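J.: Okay, predicted coordinates and the sequence, questions at the end:
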Amino acid sequence: MAYSAAMKAAIGALRPMLETHGLGMQSPEFAKHGEHKPAQDAPLVFVACSGGRDSLALAACARTVCSAWGLRCGALIVDHHVQDGSEEVARQAAQSCNALGLEPVMVINVDVHDDGQGLEAAARTARYAALVKTAKLWRASAVLLAHTKNDQAETVLIDLIRAAGTDAFAGMSDEQLIDGVLFLRPFLTISRAQTTQICEDAELRYWDDPTNGDAIPTDTALPRDYPLRSRIRHDLVPYLSAFAGCDIVERLASVTQIVRRDVSALQEEAERACAQTVEFESGIPAAEQQVKLFANIDARALAQYSEAIRYRVIAQTLAQCGLQFAARHVSAVDRLVSQWHGQGKVSLPSKYSAKRKAHVIRICEDVSHANRRCAKSNRS
Ligand SMILES: Nc1ncnc2c1ncn2[C@@H]1O[C@H](COP(=O)(O)OP(=O)(O)OP(=O)(O)O)[C@@H](O)[C@H]1O
């Protein structure tokens, strides 16, 4: 395999991230250069591979690093069956991963149900569920995702368009625990041009998703029915770069690194505040329905915190109750905390509402407020 500058940069990004998570060299005997056969019970790292340039480049780099350090390295390819020819794309991706020497290489078929969130979001939900399930089954130490610096910049712009608040500038995290499975994004400092170069150097045949709009000339705007991410990549990013006279991907990606530090400090404080002021309890499940979570917020205790922390605690609480809420719901609940004058309940999505009685704000289904006995809190 050719060790181009792009490959060296990508491996340089991957190695410290694996080491940070205890996935470094498995034995001093692996200090010698070259490939080493991992022990049967060596930690297993999976690459989530779509067959695109980014994840095939990651597969090549991960296989190189893992075989040098005595780690096992496999690939998970999810076939969503939502596009024509997806079986062939998955088959080709599996073939490339096998040829690179990854093992095991698995194609996972998923059913995508669009319950109103949109096909793209439904596919993502199904994909992560499949990755989590398989990673657990194989007791994998980590699943690597190939989001690049370009994906990061596009994510910031998408979130800004959707008015996601401060966290929009933080972009994606380079590590994330989902249902107990560690997901790592080692390529957030690597560009799409670099992953393309790695694939070309290694003669890896990658697939370009037609909805990315790569086939449409750069001077023609993508039709509005293309995914937002594709339109941002194809139209907005080049426009912003030309407008600002700089590489806007580079700028946005470096902003995320700065903001992530601040956001994680705020988030840690919010989690502490949440532990001190919110209690969750299970609602009574209707037949065959999932148990719903209700919450009791100690409004007097929460009022001691700054607005920034209060908003995070409330947002976190609503999210944990499984609600798809908007910013206006958070500020309305906050008014029960910070501008309390005996006002009525705040209506929330999914037939939930928030109602304050004495110093306790109870968040539950509307019908359950009626059954509310005096909400107890062990704090006064
Ligand atoms: N079908 C899939 N199977 C397994 N992993 C996937 C799949 N789709 C996406 N991923 C993982 O999620 C990452 C981000 O997905 P996204 O759809 O944003 O990227 P992509 O354009 O498909 O990236 P790539 O160029 O690697 O294919 C991918 O790089 C890959 O690691």
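T.: Thanks, I have the structure now.
J.: G165: how many residues sit nearby?
T.: Neighbourhood size, G165 [other C-beta atoms under 10 Å]: 16. Where C-beta positions appear, they are placed from N, C-alpha and C, glycine not excepted.
J.: Now it: closest residue in space that isn't a chain neighbour?
T.: In space, G165 comes closest to A327 once its chain neighbours are excluded; the distance is 7.1 Å by C-beta to C-beta, 6 or more residues apart in numbering.
J.: does that neighbour really touch D167, like I thought?
T.: No: counting by C-beta atoms under 8 Å, A327 sits too far from D167 to count as a contact (11.8 Å).
J.: higher neighbour count, those two?
T.: In this view A327 and D167 are compared by other C-beta under 10 Å, and D167 has more residues nearby, 15 against 12.
J.: I figured that one hits V263, correct?
T.: Yes: using C-beta under 8 Å, D167 is in contact with V263, at 5.8 Å.
J.: for the single nearest residue of the stretch 201-350 of the chain relative to the ligand, what are its contacts?
T.: As assessed by C-beta to the nearest ligand atom, the ligand sits closest to D209 within the stretch 201-350 of the chain, at 6.0 Å. D209 makes contact with 50, 52, 83, according to C-beta atoms under 8 Å, 6 or more residues apart in numbering.
J.: Can you go through these and name the buried ones?
T.: Among the contacts of D209, those classed as buried by 16 or more other C-beta atoms under 10 Å are 50, 52.
J.: Closest one of the contacts of D209 to C66?
T.: S50 (19.6 Å; C-beta to C-beta).
J.: That closest one: helix or strand, and which one exactly?
T.: For S50, there is no helix or strand it lies in under DSSP states H and E.
J.: so what's it scoring on pLDDT?
T.: S50 carries a pLDDT value of 97.
J.: ditto for E29
T.: 81.
J.: Please identify the nearest residue in space to it, excluding sequence neighbours.
T.: H36 (7.5 Å).
J.: looking at this, C61 is in a helix?
T.: Yes: the assignment for C61 is a helix, going by DSSP: H, G, I helix; E, B strand; the rest coil.
J.: count of neighbours near it?
T.: Residues lying near C61 (other C-beta under 10 Å) number 32.
J.: Whichever residue of the stretch 151-300 of the chain sits closest to the ligand: which element?
T.: Going by C-beta to the nearest ligand atom, the ligand is nearest to D151 of the stretch 151-300 of the chain, at 5.5 Å. According to DSSP H and E, D151 maps onto helix 149-161.
J.: Next, the buried residues of that helix.
T.: Within helix 149-161, judged by 16+ other C-beta under 10 Å, the buried ones are 149-159.
J.: Ok, stretch 130-149 next?
T.: By neighbour count with 16+ other C-beta under 10 Å, stretch 130-149 contains the buried residues 130-132, 134-135, 140-149.
J.: Pretty sure the residue of the stretch 151-300 of the chain closest to the ligand sits against L157.
T.: No: D151 lies out of contact with L157 (C-beta under 8 Å); the separation is 10.9 Å.
J.: ok now do the residue nearest to the spatial centre of the chain, which residues does it touch?
T.: With distances taken as C-alpha atoms, centre = their mean, the residue of the chain nearest its centroid is M172 (6.2 Å). Counting by C-beta under 8 Å, 6+ apart, M172 touches 147, 151-152, 155, 185, 188, 256.
J.: same thing with Q152?
T.: 171-172, 188, 252-253, 256.
J.: Need those residues in CSV (columns: secondary structure).
T.: Below are those laid out as CSV (three-state DSSP):
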residue, secondary structure
G171, coil
M172, coil
L188, coil
L252, helix
A253, helix
T256, helix
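J.: Just the buried ones from those residues?
T.: For those, buried by 16+ other C-beta under 10 Å: 171-172, 188, 252-253, 256.
J.: Contact partners for whichever residue of the stretch 1-150 of the chain sits closest to the ligand?
T.: Relative to the ligand, the nearest point of the stretch 1-150 of the chain is G52 (1.9 Å; C-beta to the nearest ligand atom). G52 makes contact with 146, 206-209, according to C-beta under 8 Å, 6+ apart.
J.: and what of E35?
T.: E35 neighbours (C-beta under 8 Å, 6+ apart): 67-68.
J.: same deal with the one 3 residues further on?
T.: Applying C-beta under 8 Å, 6+ apart to P38 gives the contacts 26, 66-67, 70-72.
J.: pLDDT wise, what is it at?
T.: Value listed for P38 in the pLDDT field: 90.
J.: now do the one 4 residues further on
T.: Taken from the predicted model, the pLDDT recorded for A42 is 96.
J.: Grab the nearest non-local neighbour of it.
T.: Nearest to A42 is R72, by C-beta to C-beta, 6+ apart, at 5.1 Å.
J.: Count the neighbours of that neighbour for me.
T.: Neighbour tally, R72, other C-beta under 10 Å: 23.
J.: Hmm, V45 and it touching each other?
T.: Yes: between R72 and V45 a contact is recorded at 7.0 Å, counting by C-beta under 8 Å.
J.: Find the residues that touch each one of those two.
T.: Residues touching both R72 and V45 (C-beta under 8 Å, 6+ apart) are C66.
J.: Kindly list the longest strand within this structure.
T.: strand 72-79 (DSSP state E).
J.: who does that one pair up with?
T.: strand 44-48 (parallel), strand 105-109 (parallel) (DSSP bridges).
J.: and among those strands, the most buried is which?
T.: Ranked by mean neighbour count, the strands paired with strand 72-79 are led by strand 44-48 with a mean of 25 (mean count of other C-beta atoms under 10 Å).
J.: which outside residues touch that strand?
T.: Contact partners of strand 44-48, identified using C-beta under 8 Å, 6+ apart, comprise 18, 23, 55, 58-59, 62, 66, 71-76, 78, 97, 102, 127, 131, 134-135, 138-146.
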